[in-house]
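>>> quick one: sequence and predicted model below, then my questions.
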Amino acid sequence: MPANTDHPCFIQPTNSETLIWRYMDFTKFVSLLETNSLYFCQADFFDDPFEGSVPKGNIINRSQIYDGIPEEQRDHAISQMIWQRKNMRSHTYMNCWHMNEHESAAMWKLYAATNEAVAIRTKYSSLVAALDENVFVGQVRYIDYETSTIPENNSFWPFMFKRMSFSHEREVRAVIQDLRQDMDVSGGTTIFINYEELIEKVYVAPDAPSWYFNLVEQVVNRYGHSAQVVQSSLEEQPVY
């Protein structure tokens, strides 16, 4: 079964064949090929401290939501909700992609800090097909956390919104939530995939030396992958 895309928290692109990218260093790329799996990072290990939080508008609305409830019960209910929302960060795992018809210079700089990096390119539909029904896939929405509100009736909602300052990421997220208390994943978990079906092209970093390009090509061939390896064109010389 493919990933779950029929969920109100996960909006879908208008065209399921749109291109998505994942930028990574060489070590992570080899790990992908070696393990046949995608790594899903635990939400509270992400750099953004706002992961799993809600906008300020939600806090303002709580006075209306809990209107008429005795103060002691209201305070208890709110504190329980806050605790549950924070706790959900350690039970939510995400694998993130950049949606774009073209490679992104900004993404190379953000997520591939050295010239020994690659970007794998695929289609949105291929990512969905590569995962199973326990994984939910959709686009992140970008809003003003100072004024906006988001729904609160599902634990997925806080993880499918980000602040406007991250809108350049045009992020697609594959998300898992697992509430098992005995699950020890040390910051993340892996999901088996068929990378032969997932990866269409492998782009080598724009300023990577020729020996590195050859190495990436050799590694792809060694693992029996048919994906085309290409050098990013972002560093090509302009013409006049």
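All right, it came through fine.
>>> what about residue 151, how many residues nearby?
Neighbourhood size, residue 151 [other Cβ atoms under 10 Å]: 13. Backbone N, C-alpha and C define where each C-beta goes, glycine included.
>>> what strand or helix carries it?
Residue 151 belongs to no helix or strand when elements are defined using DSSP states H and E.
>>> so it sits against residue 160, correct?
No. If you go by Cβ atoms under 8 Å, residue 151 and residue 160 don't touch, sitting 10.0 Å apart.
>>> mind checking how far the residue nearest to the spatial centre of the chain is from residue 60?
Nearest to the mean C-alpha position of the chain, by Cα atoms, centre = their mean, lies residue 96 at 1.7 Å. To residue 60, residue 96 is 30 Å away according to Cβ to Cβ, to the nearest Å.
>>> equivalent analysis for residue 141, please.
Using Cβ to Cβ, which is the criterion applied here, residue 141 is 20 Å from residue 60.
>>> same question for residue 11.
25 Å.
>>> quick check: what element follows the lowest-mean-pLDDT helix or strand in the chain along the chain?
Lowest on mean pLDDT, DSSP states H and E among the helices and strands of the chain sits helix 56-65, with a mean of 79. Counting by DSSP H and E, the next helix or strand C-terminal to helix 56-65 is helix 71-88.
>>> identify the residues contacting the closest residue to residue 45 other than its chain neighbours.
Excluding the flanking residues, the one nearest residue 45 by Cβ to Cβ, 6 or more residues apart in numbering is residue 187, at 4.8 Å. By Cβ atoms under 8 Å, 6 or more residues apart in numbering, the contact set of residue 187 is 41-42, 45.
>>> please apply the same query to residue 157.
Counting by Cβ under 8 Å, 6+ apart, the residues that residue 157 touches are 9, 150-151.
>>> could you single out the nearest of those residues to residue 225?
residue 9 (33.3 Å; Cβ to Cβ).
>>> still on that earlier bit, tell me which element the residue nearest to the centre of the chain falls in.
Assigned by DSSP H and E, residue 96 belongs to strand 92-99.
>>> now the next helix or strand after that strand: buried residues?
For strand 92-99, the following helix or strand on the C-terminal side (DSSP H and E) is helix 105-111. Buried positions in helix 105-111, judged by neighbour count with 16 or more other Cβ atoms under 10 Å: 107-108, 111.
>>> now do stretch 31-49
32-33, 38-44, 46.
>>> ends of that stretch, how far apart?
End-to-end distance of stretch 31-49 (Cα to Cα, to the nearest Å): 27 Å.
>>> also stretch 189-207?
End-to-end for stretch 189-207, by Cα to Cα: 32 Å.
>>> repeat that for stretch 188-201.
26 Å.
>>> contact partners of it?
With Cβ under 8 Å, 6+ apart, stretch 188-201 has contacts from 32-33, 35-42, 45, 93, 95, 120-123, 126-127, 129-132, 135, 176, 178, 183, 224-230.
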